[in-house]
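K.L.:
model the structure of this input:
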Amino acid sequence: MLKTVVLLAAFITVPAFAAPFAYVSNQQDGVTVIDLDTLEPVATIDIQGKEPRGIGITPDGKYVLTANKDSGNISVIDTATREAVKHIAIGKNPEFIRVYHNRAYVSYEPSAGEGAPEGEQGEKSGKEEQKKPAGIAVLDLENWRLIETMLSGPETEGIEFSPDGKLMLVTNEGDNTVTVYNISNGKLVKTIDTTKYGNRPRGIKVSPDGKMYAVTLEFSNKLLILSRKLDIIKTVPTGDAPYGLAFDRQGKRLFVAAARSKQLQVFNTKNFSLIKNIPIGARCWHFSFTPDDARILVACGRSNNLYVVDAKTYEPVKIISGLKIPWGVVTYPKAVGSLDRP
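P.N.:
Modelled structure (predicted):
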């Protein structure tokens, strides 16, 4: 019996920060820390930056990063001390962070409509956006240095990577394109125009088996499904203003935050039939599973709440209130979500 225990112990690895936590960026506050065992907020971290939106966490769980729109920088938070320990200038209007291996990819938008609520910029602002491409700053997480800046389409919103790690796919809402880049040299490989199928591409995710990509078309209330070779396969109707999306770990279901419908929608990935509309709050942009895949945490910005639902029964579990325009959520240990994946 003792031998069995020893053998099991040899194969079990415990992360440096084993306690499960969620980290939620608040556009009018710092980062809220949620204890996932109790589903209770345990801290709000002053990031010393203004209007954090994008959020990511390093593979080892030691640091949380936020993209601070009004400060034009990245805050680096030590998860052990829960203090901001570093700030890195990025560019104007940084929004989306995607941590991938030992790099962080951060989109910033030099021509995004200033002062207007998200999704409500006027016609003139939209035309100006098309004149200036967004940038993607590449941050080395080992030495905290910017190592590259790539040009993207106007107003970049989502970032995804091919299963082999060779390509980066970017959604650009300003000109209705998905642009594809060679990560090794930063060169543009392909441009996919979504105009024929729908407007304002935002979220993008690859399926766990790598056979398809899903893109949300916010202004057309659709999903755009791409093949492994980046050919357009089909469109799927969704609720109003689809934004963040994520496949479950097995790739059998696709979850979509229909922001203006106040729903988290669940689709069967075999035929994209609708499984369930889960009622949530107003303007829910991003979400994450818990590390054990048992629950889903949904950040609902205009409700100032984090909604917790059962990932199997789709029944409500809890509403965590008192947040201040929550934008995004990630967990450690890392979980499947609209901003991250293990």
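
K.L.:
please count neighbours and contacts with C-alpha atoms only from this point.
P.N.:
Will do.

K.L.:
if I look at residue 287, how far off is residue 334?
P.N.:
Residue 287 sits 13 Å away from residue 334, going by C-alpha to C-alpha, to the nearest Å.

K.L.:
the more surrounded of those two?
P.N.:
A count of neighbours by other C-alpha atoms under 10 Å puts residue 287 above the other of residue 287 and residue 334, at 31 against 24.

K.L.:
can you pull up the bridge partners for residue 258?
P.N.:
residue 242, residue 263 (DSSP bridges).

K.L.:
residue 169 contacts residue 183, correct?
P.N.:
No - if you go by C-alpha atoms under 8 Å, residue 169 and residue 183 don't touch, sitting 9.7 Å apart.

K.L.:
could you check which of those two has the larger neighbour count?
P.N.:
residue 169 (25 against 17).

K.L.:
and the pLDDT for the more buried one?
P.N.:
With respect to pLDDT, residue 169 scores 97.

K.L.:
and the one 5 residues further on, by the same measure?
P.N.:
In this model, residue 174 is scored at 93, pLDDT.

K.L.:
so the nearest residue to it once chain neighbours are set aside: helix, strand or coil?
P.N.:
Setting aside the residues directly before and after it, residue 174 is nearest to residue 154 in space (C-alpha to C-alpha, 6 or more residues apart in numbering), at 4.8 Å. Classification of residue 154 by DSSP: H, G, I helix; E, B strand; the rest coil places it in coil.

K.L.:
dihedrals phi and psi, residue 154?
P.N.:
Residue 154 adopts backbone torsions of phi -70, psi 130, taken as degrees, to the nearest 10.

K.L.:
same check, this time on residue 157
P.N.:
Residue 157 has phi and psi values of phi -120, psi -40 when expressed as degrees, to the nearest 10.

K.L.:
spit out the contact partners of residue 171.
P.N.:
Neighbouring residues of residue 171 by C-alpha atoms under 8 Å, 6 or more residues apart in numbering: 153, 156, 157, 158, 159, 177, 178, 179, 201, 202, 203, 204.

K.L.:
the residue lying closest to it once chain neighbours are set aside: neighbour count?
P.N.:
The shortest distance from residue 171 to any non-neighbouring residue, by C-alpha to C-alpha, 6+ apart, is to residue 178 (4.5 Å). Residue 178 has 25 neighbours, counted by other C-alpha under 10 Å.
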